[in-house]
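Trainee: Got a sequence here, can you model it:
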Amino acid sequence: MYALIDCNNFYVSCERIFDLSLENKPVAILSNNDGCVISRSNELKALNVKMGTPFFQLKPLIKKHGIECRSSNYELYGDISQRVMNVLNQFTPEVEPYSIDEAFVRIKLPENQSYFEYGVKIRQTILQWVGVPVGVGFASTKTLAKIANHIAKKRADGVFVMPGNSMQILNDLGVEEVWGIGRRIAKRLHAIGIYKAGNFASQEQSLLKKKFNVMVARTALELNGINAVPVEDVTALPQSISCSRSFGSPVFELKHLQEAVSDYASKAAVKLRESKQLAAGAQVYIQYYPEYNPIYREGGFRGATVRFEQPTAATGTILNSLLNALPKLFIKGRRYKKAGVVFFELSSTENVQEQLFNFNVNSNTVANSENEKQTELYKTLDEINKKFGSNTIFNLSSGIEKPWKMKRDHLSKRYTTNWNQLMTVK
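Mentor: Below you'll find the predicted structure:
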């Protein structure tokens, strides 16, 4: 049996763990640079505030309705997400994270045990140990589990087990609500008279493959209780690692661009070391605004691909290569809005391949040894930053004042990842 565990209004719930004054209040979590609403409490939804509402449109309602706003605290949300996943691992080793706030788990109980009661236990444990309310939906396939979870979230007990014959439920469900269908495919299904999930599930596989594709046909099989969605390999290493941000205010100077790229590359390099991988190279890019005065000039991107002398995860080596590439990309007089770094051709640290045509064996051995020393050095720095808070130690090339830093004027504390921001008991 599959179960989908989905955290309720996750970002809002994370904030409420540490700030009880937010309970029963309309709460909005804002996107990068406090641009728009990306998470809403039920009280905010009741005020008919839509997802994606720009912050400037929300401002007139804040005082009128007592709306509380918070900037996205990604450090906090990521840590709470990991805690939820750790709790799920107490119930089953088969945990497949689907996003930051939901995961599929696979559970097989003895015939005399109730899946509903087990779901209640999972829900109560996560709420007690972590402080986040969740919905738990059980079904024989992932697609049906998604539907079961949608139903569970509307119930007071927060748990729903899909019955063996789910056709009555599917007949009441719009086909656009089925996981993997979406609006575009739903419109095409409507065009041939398919409006409900039950009607969709009863279609011939040959018809769905011919008019749509294999994935749509597999979704129909899932609705019939046949497992057709492949199980994700959660142990698989990522194929690329990236970090990008929009600036809090326009950047004009090359120096500040280099600081931002250095900061983002350093963050991505931490992820690289955490996954025990090396990168053969990186793509660095910058984005600039359009200009309207004195003459119109289009906005755009500029980027470069940099290959390292050998695969590495050492931040210093990476920064030396990337920062040397930036002066060629920089256009004086333009206003820059965003920068990013993407590592490519990742390989496991356990399977490092020597350069094919490097005949200087001694030189190559020395280079590998130095690379390993640098990587170990940065692993030590990573541990220090984990213990005492991010950026306790950082590369000076990332800057100190950071005028380009992403705007987060309503940011809560990093209660679980920064020693200096722990809650105090009086």
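Trainee: only C-alpha atoms for contact and neighbour calcs from this point on.
Mentor: OK.
Trainee: can you tell me how far the closest residue to residue 16 other than its chain neighbours sits from residue 45?
Mentor: In space, residue 16 comes closest to residue 22 once its chain neighbours are excluded; the distance is 5.8 Å by CA to CA, 6 or more residues apart in numbering. Distance, residue 22 to residue 45, using CA to CA, to the nearest Å: 15 Å.
Trainee: These two: which has the busier surroundings?
Mentor: Of the pair residue 22 and residue 45, residue 22 is the one with more neighbours under other CA atoms under 10 Å, namely 18 against 15.
Trainee: before we move on, the earlier item: quick one: residues contacting the residue nearest to residue 16.
Mentor: Residue 22 makes contact with 15-16, 68, according to CA atoms under 8 Å, 6 or more residues apart in numbering.
Trainee: That one and residue 346, how far apart?
Mentor: When distance is defined by CA to CA, residue 22 is 43 Å away from residue 346.
Trainee: cool, residue 126 as well?
Mentor: Distance of residue 126 to residue 346, computed by CA to CA: 35 Å.
Trainee: still on that earlier bit, among the contacts of residue 22, which are in strands?
Mentor: If you go by DSSP state E, the contacts of residue 22 have residue 68 in strands.
Trainee: just for the chain, where's the confidence low?
Mentor: The model of the chain has pLDDT under 70 over residues 231-237, 350-370.
Trainee: Break it into its domains for me.
Mentor: What automatic domain parsing lists as the domains of the chain is 9-74, 77-223, 241-398.
Trainee: And the longest one, end to end?
Mentor: So the one you mean is domain 241-398. One end of domain 241-398 to the other measures 19 Å (CA to CA).
Trainee: and it, how far from the chain's centre?
Mentor: Remark: domain 241-398 is offset 20 Å from the chain centroid, using CA atoms, centre = their mean, to the nearest Å.
Trainee: ok, now stretch 416-426?
Mentor: Distance, stretch centre to chain centre, for stretch 416-426: 25 Å (CA atoms, centre = their mean).
Trainee: Straight-line length of that stretch, end to end?
Mentor: The first and final residues of stretch 416-426 sit 18 Å from each other (CA to CA).
Trainee: Quick one: residues contacting residue 198.
Mentor: By CA under 8 Å, 6+ apart, the contact set of residue 198 is 167-173.
Trainee: coming back round to it: mind putting the domains of the chain into a markdown table with distance to residue 406?
Mentor: Below are these laid out as a markdown table (distance: least, CA to CA, whole Å):
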| stretch | distance to residue 406 |
| --- | --- |
| domain 9-74 | 5 |
| domain 77-223 | 17 |
| domain 241-398 | 4 |
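Trainee: Residue 139 versus the spatially most central residue of the chain, what's the distance?
Mentor: For the chain, the residue nearest the mean C-alpha position is residue 100 (5.4 Å; CA atoms, centre = their mean). Going from residue 100 to residue 139 by CA to CA gives 21 Å.
Trainee: same thing with residue 113?
Mentor: 15 Å.
Trainee: Which of the two has more residues huddled nearby?
Mentor: Per other CA under 10 Å, whichever of residue 113 and residue 139 has more neighbours is residue 139, with 25 against 10.
Trainee: Please name the nearest non-neighbouring residue to the more buried one.
Mentor: residue 145 (4.7 Å).
Trainee: Strands of the stretch 151-300 of the chain, start to end?
Mentor: 159-161, 241-251, 277-288, 300-312 (DSSP state E, counting those that start in this stretch).
Trainee: just the angle between the last one and strand 277-288, please?
Mentor: Which is strand 300-312. On the basis of axes from the mean of the first three to the mean of the last three CA atoms, to 10 degrees, strand 300-312 is oriented at 160 degrees to strand 277-288.
Trainee: Just checking: what are the partner strands of strand 300-312?
Mentor: Strand pairing for strand 300-312, determined by DSSP bridges: strand 277-288 (antiparallel).
Trainee: any idea where the helices of the protein begin and end?
Mentor: Using DSSP state H, the helices of the chain run over residues 10-18, 42-46, 55-65, 74-91, 115-129, 142-152, 167-171, 182-191, 197-201, 205-211, 214-223, 254-274, 315-329, 361-388.
Trainee: Pull the residues that contact the third one.
Mentor: Helix 55-65 is touched from outside by 26, 30, 34-37, 67-68, with contacts defined as CA under 8 Å, 6+ apart.
Trainee: of these, closest to residue 295?
Mentor: Within those, the smallest distance to residue 295 is 27.8 Å, found for residue 35 (CA to CA).
Trainee: From residue 167, how far out is the closest one?
Mentor: Taken as CA to CA, the span from residue 35 to residue 167 is 42 Å.
Trainee: With residue 193 instead?
Mentor: Distance of residue 193 to residue 167, computed by CA to CA: 18 Å.
Trainee: Those two: which is more packed in?
Mentor: Ranked by neighbour count (other CA under 10 Å), residue 193 and residue 167 place residue 167 first, with 17 against 11.
Trainee: And the more buried one, how far from residue 65?
Mentor: From residue 167 across to residue 65, the span is 42 Å (CA to CA).
Trainee: Residue 73 now?
Mentor: Distance from residue 73 to residue 65, counting by CA to CA: 23 Å.
Trainee: Please identify which of the two sits among more neighbours.
Mentor: It is residue 73, of residue 73 and residue 65, that has more neighbours when counted by other CA under 10 Å, with 21 against 12.
Trainee: residues contacting the more buried one?
Mentor: Listed by CA under 8 Å, 6+ apart, the contact set of residue 73 reads 411-414.
Trainee: Can you redo those residues as CSV, where the extra columns are distance to residue 422?
Mentor: Output for those, formatted as CSV (distance: CA to CA, whole Å):
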residue, distance to residue 422
411, 15
412, 11
413, 8
414, 7
